[in-house]
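> Show me how the following folds:
(chains A and B)
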Amino acid sequence: MNKETRKEENEQTSVIKMSETDSRFKYELSKIPGAENLMLCFQCGTCTADCPVARFNGSYRPIRILRMALLGMKDRVLSSDDIWLCATCFTCTDRCPQGVEFASVLRVLRNMAVKEGIIPPGFREIASNILETGLANKVARLQLKKREMTGLPPIPNSNPKRVAKLAEMVGFSKMMERRTQSA
Amino acid sequence: MPKSTHSFFLGCAIPSMVLSYEIATRRIAKSFDIELVEMPEFSCCGLPLDPVSHDMMLLLAAQNLCLAEQQGLNIMTMCPGCNGTLCKVNKMLKEDRKLKETVNGYLSKVGMEFKGNISVKHLVQVLTEDVGYEEIKKTIQRPLKGLKVAAHYGCHILRPAEYVEIDDPENPTILKKLIEVTGARYLDYVNELQCCGATIIGAGRSPVDRKGDLSIQLARDKLIHLKEAGVQALVTLCPSCYRVFDVNQPIIERLFGEDYGIPVLHYPELLALAMGINPNDLALTEHRVKLSNLIEGL
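Next up, the predicted model:
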């Protein structure tokens, strides 16, 4: 992030109008598995000090995302690019003295953002691969040929029909269809 | 009678990216009399979908666990991502009756039921628990004497500790012991346990400048420290970490005008070499950072 945008960001964040926040947001989050301990966060910053991504990125700060969630800044958190920067190393989860499990809280926020229609292209591709083939990564024909040549057994068949049925029951396919339509 | 029998969970990252990991794993399993049974109808472990839909992740992991239950076998994994996910969901469903009921409600519609009677192990656990260091040592035909090897554990083989339970995530030693058993010298380096950033490849990068890519920056930071320590080979357990350190290493060298030339091996490849298996049978030419110097030196 360059100086200019950081300055803008600071101006935007310097005053938070509580009337524009959703004071129920933290309670809503705390009910969802993975975010149960959100309100135990006392902003010590262990998550951020230990975060490898925060070392190399100027804006990604777990402590800030937690604060925004606690303050009820729902729209800004869910639409923020930052929530997609966690590399899921789980260091914060293992080291948080309050057991907040930031990586899980962030996953809850990401799932919520997806429900609101925000999904980065990489994840959309993985989702459609899984719905189509049952697997996240497509195995290129060349790789299959190499398997044969090196004497590896064929990859066992997946069962995409079963995966599709599970996806339909849990509302996942519908969610992804809606996304494709709105995109 | 084989030493142990496992349902072999292949995952999709390894077959799509690094066959040499699978080749070496099957070779050493055979040498140690570990029987690997294929798992038909397996799907993605679920991990890549967790950020999109936790529910879908749970169902994918659960259906894979059910397949192994139907075979009456414990699972063996290679990919730490698959391993962590299957371990986690297995434990969650075993301990949370309400969650198990909900998941089984869905699974019953596809003729499956999670019972909770198997366990999930990573290859390194099978090696250290079912085989043991002493047994491994006996099979070393070509000790990698003098070779300076460092480890990149990869986060998911250690964390979250609550679910993975393989080693102490703050001070792991399993790879040190497994490397030393091959006769190689294990080297420490700065930030050994830092994440590779594979899951955020591409993030933070501008269309004109790839140097901003967070994964590139994280990997470069580690490569700098590995070079400083004088490492001759880096050992990993994870296909995604491998991608960052091996596949992306020439890209990092080009972008920053630097020279690393550090070969990256999956642990079973290192072990296979030390066991005297012919390098030509291991498809090591797949690696971007060439292993020729290392192999010639054996």
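> Show me what from the stretch 151-298 of chain B comes close to chain A.
Within the stretch 151-298 of chain B, the positions adjacent to chain A are B:155-156, B:159-161, B:169, B:194-195, B:197-200, B:202-204, B:214-215, B:217-218, B:221, B:283 by C-beta under 8 Å from any C-beta of the partner chain. Every residue, glycine included, has its C-beta placed from N, CA and C.
> the helices in the chain, which residues?
With no chain named, the answer covers chain A. A:3-14, A:25-30, A:46-49, A:52-56, A:62-71, A:74-79, A:91-95, A:102-115, A:121-133, A:141-149, A:160-169, A:172-182 (DSSP state H).
> meant chain B actually
Using DSSP H, helices in chain B cover B:13-17, B:19-31, B:54-71, B:80-95, B:97-108, B:123-125, B:133-138, B:161-164, B:174-180, B:214-228, B:239-242, B:249-256, B:267-274, B:292-296.
> Now mean neighbour count and mean pLDDT too, for those helices, in CSV please.
Converted to CSV, these look like this (neighbours: other C-beta atoms under 10 Å in any protein chain shown; pLDDT from 0 to 100):
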stretch, mean neighbour count, mean pLDDT
helix B:13-17, 22, 93
helix B:19-31, 22, 97
helix B:54-71, 24, 98
helix B:80-95, 24, 98
helix B:97-108, 15, 98
helix B:123-125, 22, 98
helix B:133-138, 13, 97
helix B:161-164, 18, 94
helix B:174-180, 20, 98
helix B:214-228, 21, 96
helix B:239-242, 26, 96
helix B:249-256, 16, 96
helix B:267-274, 26, 98
helix B:292-296, 13, 89
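> Of the ones you listed, which is nearest residue A:18?
helix B:54-71 (30.1 Å; C-beta to C-beta).
> Tell me how far that closest one lies from the chain's centre.
The chain centre lies 20 Å from the centre of helix B:54-71; the measure is C-alpha atoms, centre = their mean, to the nearest Å.
> what's the angle between it and helix A:121-133?
Computed by axes from the mean of the first three to the mean of the last three C-alpha atoms, to 10 degrees, the angle separating helix B:54-71 from helix A:121-133 equals 40 degrees.
> Give the other helices and strands that helix B:54-71 contacts.
helix A:102-115, helix A:160-169, strand B:4-9, strand B:74-77, helix B:80-95, helix B:97-108 (3 or more C-beta pairs under 8 Å, 6 or more residues apart in numbering or on different chains; DSSP states H and E).
> Residue ranges of each domain in chain B, please.
Listed domain ranges for chain B are B:4-123, B:136-296 (source: automatic domain parsing).
> distance between the ends of the shortest one?
Using C-alpha to C-alpha, to the nearest Å, the span of domain B:4-123 from its first residue to its last is 12 Å.
> Same check on the last one?
Distance across domain B:136-296, first residue to last, is 23 Å (C-alpha to C-alpha).
> how about the helices of chain B, which one is nearest residue A:37?
For the helices of chain B, proximity to residue A:37 was assessed by C-beta to C-beta; helix B:161-164 is nearest, at 13.1 Å.
> give me the number of residues near residue B:120?
A count of neighbours around residue B:120, defined by other C-beta atoms under 10 Å in any protein chain shown, yields 28.
> My error: substitute residue A:40 in the last question.
With other C-beta under 10 Å as criterion, residue A:40 counts 12.
> Surely it and residue A:97 touch.
No. Between residue A:40 and residue A:97 no contact is recorded; they are 9.4 Å apart, counting by C-beta atoms under 8 Å.
> among the helices of chain A, where is the model least confident on average?
Sorting the helices of chain A by mean pLDDT places helix A:3-14 lowest, at a mean of 61.
> separation between the spatially most central residue of chain A and chain B?
Centroid-nearest residue in chain A, with C-alpha atoms, centre = their mean: residue A:110, separated by 3.6 Å. Separation of residue A:110 from chain B (C-beta to the nearest C-beta, to the nearest Å): 4 Å.
> Spatially, what comes nearest to that residue if we skip its sequence neighbours?
Of all residues not flanking residue A:110 in the chain, residue B:51 sits nearest, at 4.4 Å (C-beta to C-beta, 6 or more residues apart in numbering or on different chains).
> and the one you found, what is it in contact with?
Residue B:51 sits next to A:84, A:107, A:110-111, A:114, A:123 when contact means C-beta atoms under 8 Å, 6 or more residues apart in numbering or on different chains.
> Got phi/psi on residue B:147?
Main-chain torsions, residue B:147, degrees, to the nearest 10: phi -70, psi 130.
> residues in contact with the residue lying closest to residue B:123 once chain neighbours are set aside?
Nearest non-adjacent residue to residue B:123, counting by C-beta to C-beta, 6+ apart: residue B:78, 5.4 Å away. Contacts for residue B:78 (C-beta under 8 Å, 6+ apart) come out as B:9-11, B:14, B:21-22, B:25, B:122-123, B:237, B:239.
> pLDDT at residue B:78, what is it?
98.
> Backbone torsions only: list them for it.
As for residue B:78, its main-chain torsions (degrees, to the nearest 10) stand at phi -110, psi -40.
> Give me the number of neighbouring residues for the residue nearest to residue A:92 when sequence neighbours are not counted.
Computed as C-beta to C-beta, 6+ apart, the closest residue to residue A:92 that is not its neighbour in sequence is residue A:47, at 3.7 Å. Look at residue A:47: counted by other C-beta under 10 Å, it has 27 neighbours.
> State the distance from residue A:47 to residue A:122.
Going from residue A:47 to residue A:122 by C-beta to C-beta, to the nearest Å gives 24 Å.
> same check, this time on residue B:259
For residue B:259, the distance to residue A:122 - C-beta to C-beta - is 31 Å.
> Comparing the two, which residue is more hemmed in?
The residue with more neighbours, out of residue B:259 and residue A:122, is residue A:122; 16 against 7, by other C-beta under 10 Å.
> and stretch A:25-44, how far from the chain's centre?
Using C-alpha atoms, centre = their mean, the mean C-alpha position of stretch A:25-44 is found 16 Å from that of the whole chain.
> do stretch A:169-177 as well
Distance, stretch centre to chain centre, for stretch A:169-177: 17 Å (C-alpha atoms, centre = their mean).
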